[in-house]
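Visitor: Here's my sequence, what's the structure:
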Amino acid sequence: MINPKTIRAQFPIFSQKTPNGLPLIYFDNAATTQKPQSVIDAISGFYAGYNSNVGRGTYWPATEATSSFESVRAQVKDFINATSSKEVIFNAGTTDGINKVMNSHLLPHLNAGDEVIVTEMEHHANFLPWQHACELKGAKLRMVPLIDTGDLDYKAFEAMLTPKVKFVAVTAVSNALGVVNDVVRLTKMAHAVGAKVLIDAAQWVTHKKIDVQALDCDFLVFSAHKLYGPTGIGVLYGKTELLDAMPPLAYGGGIVESVTLEATAFRGLPHKHEGGTSNIAGVIGLGAAIDFVNGLGLENMHESTQLLCNYAIEKLNLIDGITVLGAPKERAAVTSLTVDNAHPHDVSAFLGEKGIAIRAGHHCAQPLMDKLQVPSTCRLSFGVYNTIEEVDQAIDALIEVRNFFA
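Guide: Just a heads-up that it's a prediction; the model follows:
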């Protein structure tokens, strides 16, 4: 087990006080994690020490920038167990990766009458692009329902799978309920009817080790800022044969071998899909974040945050007037709740005055809110710097809210 108090000292934001002079208790890690000093130093070190564009300069500092940039690609390859660094495409984040797969892979292959499957628990980022594609092509978007625990209805998913299904997009972990999906099973089932599969791993990336070869998924996306890294940078993994067959994800400088008025010849992977100047500092920061996570160990991080989440749920379930939503077979370190007679935004504001940061709203998952028959929820999500004492303070504050609105 890791020591959250020791880890906390590595995060500069926690050395500060909130505007009303209180320590910051941060339970909004599903939205974005805080950044350790090592990540901040890596980003500032790039700008101060070897700032340059990558890929084409033969001078220092361009050679050092390019070497560092490509070394992070190799890090990511190992982090997700891709077969080649060429399968690692840097982009602006999970949402960007999903949209690029929709535009470059799905749209050219989708026809009227085809079907695309998502689930009722998807973040809007893994729903809207597929809805848009189906509207453009006259295809049908279908949603896998949830059972009462919040888990996916795998029997319903199996019944949906016909040769009409061309694509399945599923989150590995619900950002609102923390439900962990059996993505290996889902992928195998989808492949049996010839459908391609994209996994949204934004919430999974700090939950368990990702092995894209074992998953056998066709695409996988995640963002650095959920991984204690910087915002504005993410990863799209795709199988080599699929990425090769796709037209460039974005057209611009750096993707071509030659250009004439008559024709353009594109570079090979991964550069074919990284048009324009990349977020070089973001990539460098991602590399530092992977070092940070590997240093702690994903299993240790999982045990630490899971302990906090389980402890919180156990205590919350004993409180009249507070309802924890969902009771899945497996849950990551995320939970949503409601407080009787209190709007989630009021709950969040009340806790915020005590220095406790939680998320309130529909969590970009309105189909899920409709399923739960609530307009919004309060969400607590846990990071490696959170402690049992902080959980107790949050629960005491929630009891105060319950009593006030009662």
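
Visitor: chain center to stretch 304-316: distance?
Guide: Centroid separation for stretch 304-316 versus its chain: 21 Å, with C-alpha atoms, centre = their mean, to the nearest Å.

Visitor: and if you look at stretch 314-326?
Guide: Chain-centre distance of stretch 314-326: 26 Å, with C-alpha atoms, centre = their mean.

Visitor: Using PDB, list the CA coordinates for it.
Guide: Extracted as PDB, the C-alpha positions of stretch 314-326 are listed here (Å, rounded to 0.1, in the frame of the first residue of the first chain):
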ATOM      1  CA  GLU A 314     -20.000   1.600   3.300                       C
ATOM      2  CA  LYS A 315     -20.400   4.600   5.500                       C
ATOM      3  CA  LEU A 316     -22.800   6.500   3.100                       C
ATOM      4  CA  ASN A 317     -25.100   3.500   2.900                       C
ATOM      5  CA  LEU A 318     -25.700   3.800   6.700                       C
ATOM      6  CA  ILE A 319     -27.000   7.400   6.400                       C
ATOM      7  CA  ASP A 320     -30.700   8.000   6.000                       C
ATOM      8  CA  GLY A 321     -31.500  10.500   3.300                       C
ATOM      9  CA  ILE A 322     -28.300   9.800   1.300                       C
ATOM     10  CA  THR A 323     -28.600   7.300  -1.600                       C
ATOM     11  CA  VAL A 324     -25.600   5.800  -3.300                       C
ATOM     12  CA  LEU A 325     -26.500   5.000  -6.900                       C
ATOM     13  CA  GLY A 326     -25.700   1.600  -8.300                       C
END
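
Visitor: Look up how far Gly178 lies from the closest residue to Val180 other than its chain neighbours.
Guide: Sequence neighbours aside, Glu330 is the residue nearest to Val180 in space, at 4.1 Å (criterion: C-beta to C-beta, 6 or more residues apart in numbering). C-beta here means a position set from N, CA and C on the backbone, and glycine is covered the same way. Distance, Glu330 to Gly178, by C-beta to C-beta, to the nearest Å: 9 Å.

Visitor: coming back round to it: what separates the residue nearest to Val180 from Lys140, distance-wise?
Guide: 30 Å.

Visitor: mind checking which helix or strand Val39 is in?
Guide: In this structure, Val39 sits in helix 37-49 according to DSSP states H and E.

Visitor: so what secondary structure elements neighbour that helix?
Guide: helix 280-296 (3 or more C-beta pairs under 8 Å, 6 or more residues apart in numbering; DSSP states H and E).
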